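Asker: build me a model:
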Amino acid sequence: MIHESAIIAGDTECDEVTVGPFCLVGVDGDGEALRIGAGGILRSHVVVYRGTSIGERFHAGHHVLVRESTTIGDDVSVGTGCIVEHHVELGHRVRLHSRCFVPEFSVLEEGAWLGPGVVLTNARYPNSADTKANLDGVRVGAGATVGAAAVLLPGISIGEGALIGAGAVVTRDVAPGGTVAGNPARVLP
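Answerer: Predicted coordinates for the structure are as follows:
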């Protein structure tokens, strides 16, 4: 079902996808046509740019933005108010709870989980003359869990199966299976 108020680019590939009211799908951005796999649900006010590829059974909450040149796997859920910038990779079964920010060049591997309000960053020197030339995305390993309102600084790598405590400010890489919490985040025994 496609709501009558949704605007979908004519070359968008989205068979068997439910598109809610006031969505803008495959219109903005550059590149190839947007592709959304079967069983997807885009709730009201979702904007997905062209040049993006989305797997099957994608769920987007209200007011989600997904920019161009992004790759999203199967069974991914992006909660209300999330922003996924361009050139991002979300593996199969990734979960972003409400109000997450995922900037350019970030990679979330299969089964990674971000709690509500998590912010990933990618600019080591924001607002400098060469900021855009030096962006460094965050990598979140397979099955890693990031607690609510955590902040991950540019270029950080979170190892497979790691756990980041709620409200942590992660300034260094986290080992696979590691647990960190605090500001700045410290390894917990």
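Asker: where does the chain dip in pLDDT?
Answerer: The chain contains no residues with pLDDT under 70.
Asker: tell me if I'm right that residue 162 and residue 179 touch.
Answerer: Yes - applying Cβ atoms under 8 Å as the test, residue 162 and residue 179 come out as touching, 7.0 Å apart. The C-beta positions use only the backbone N, C-alpha and C, and glycine is treated the same way.
Asker: who's more crowded, the two?
Answerer: residue 162 (23 against 17; other Cβ atoms under 10 Å).
Asker: quick one, what contacts the more buried one?
Answerer: Going by Cβ atoms under 8 Å, 6 or more residues apart in numbering, residue 162 touches 141, 144-145, 174-180.
Asker: try 7 Å this time
Answerer: Neighbouring residues of residue 162 by Cβ atoms under 7 Å, 6 or more residues apart in numbering: 141, 144, 174-178.
Asker: cool, and residue 1?
Answerer: Residue 1 touches residue 18, counting by Cβ under 7 Å, 6+ apart.
Asker: burial measure for residue 71, as a count.
Answerer: Counted with other Cβ under 10 Å, residue 71 comes out at 14.
Asker: I should have written residue 42 there, sorry.
Answerer: Neighbours of residue 42 using other Cβ under 10 Å come to 30.
Asker: same question for residue 10.
Answerer: For residue 10, the count of nearby residues is 7 (other Cβ under 10 Å).
Asker: and if you look at residue 132?
Answerer: 9.
Asker: now do the same contact list for it.
Answerer: If you count contacts by Cβ under 7 Å, 6+ apart, then residue 132 has nothing around it.
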